[in-house]
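In: Here is the input, now give the coordinates:
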Amino acid sequence: MKTIYFAADHAGYALKDHLRDYSKAQGHTVIDLGTSSPESVDYPDIAQKMADALKNNPVAWGILVCGSGIGISMAANRHAHLRAALVDEVVSAELSRQHNDANVLCLGSRLIGITQAEKCVDAFLKTPFDGGERHQRRVDKLSHIKI
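Out: Now for the predicted structure:
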């Protein structure tokens, strides 16, 4: 089982709460970084919380949710140790792990249903990184890109 940090802005908190409980029921260790209400918060601040959490626990994974998933994935990918993948279907969730060793899954609560989000989470958590030479070489380069 994995340790998974969950975080969302105001638009994503309900889906985040559902997926947190769903993952906990599957036996994962879950840590909720907030938010937990429809009161407006800024998604870059939420991505920063995830970055701080994963910097202190680099073997853990993250799940971020905002309205579209776009803003929070852009903010997450500003941090060199995060490899955040915005997905809305299972194949992308699998490929984000297999080829890119994604450690953060991003979802758009306004664009994905609960059942589809659960399927994406399952695929993300169950799919190993391929680790082949070409994939590892590319992932290593991601961590060294200067922003």
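In: could you measure the residue of the chain most remote from its centre against residue 8, distance?
Out: Outermost residue of the chain with respect to the C-alpha centroid, by C-alpha atoms, centre = their mean, is residue 133; its distance is 24.3 Å. As for residue 133, its distance to residue 8 is 36 Å (criterion: C-beta to C-beta, to the nearest Å). Heads up, the C-betas are built off the backbone N, CA and C, glycines and all.
In: residue closest to the middle of this protein?
Out: The centroid of the chain falls nearest to residue 105 when counting by C-alpha atoms, centre = their mean (2.4 Å).
In: Need the three-state assignment for that one.
Out: Three-state secondary structure (criterion: DSSP: H, G, I helix; E, B strand; the rest coil) places residue 105 in strand.
In: from what I can see it touches residue 62, true?
Out: Yes - counting by C-beta atoms under 8 Å, a contact exists between residue 105 and residue 62, whose distance comes to 7.2 Å.
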